[in-house]
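A.B. asks: Below is the structure, and that's it, no one-letter string:
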């Protein structure tokens, strides 16, 4: 009977060690859950960015207004008969 209790105790201790320090341990599961949450947050941010870029591509493909606006903002282009004033700060 003592041998059975001793064997059961040893097995229980081995299972506890495996549970807390081995592969698939509780702390590792917690760490992986945190990593999943972080990755999902990053994925949500990237999805929003991709949606904005897709909308911009649709605008650029569909009409000239978006192309003109981009040319004005990024390239500093102006139309004919427009006057451009450049103000330099001090």
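C.D. replies: Looks like it came in fine. Here the structure is a predicted model, which means the values were calculated and not measured.
A.B. asks: what's the average pLDDT for stretch 4-23?
C.D. replies: For stretch 4-23, the mean pLDDT works out to 85.
A.B. asks: where's it relative to the chain centroid, distance-wise?
C.D. replies: For stretch 4-23, the separation from the chain centroid amounts to 39 Å (computed by C-alpha atoms, centre = their mean, to the nearest Å).
A.B. asks: For that stretch, give me every contacting residue.
C.D. replies: Contacts of stretch 4-23 with the rest of the structure, by C-beta atoms under 8 Å, 6 or more residues apart in numbering, involve 25-27. (Each C-beta comes from the backbone N, C-alpha and C, glycine too.)
A.B. asks: 10 Å instead, please
C.D. replies: With contacts defined as C-beta atoms under 10 Å, 6 or more residues apart in numbering, stretch 4-23 is touched by 24-28.
A.B. asks: Same question for stretch 52-67.
C.D. replies: Outside stretch 52-67, the residues that reach it (C-beta under 10 Å, 6+ apart) are 69-71.
A.B. asks: From those residues, pick the one nearest residue 51.
C.D. replies: residue 70 (18.6 Å; C-beta to C-beta).
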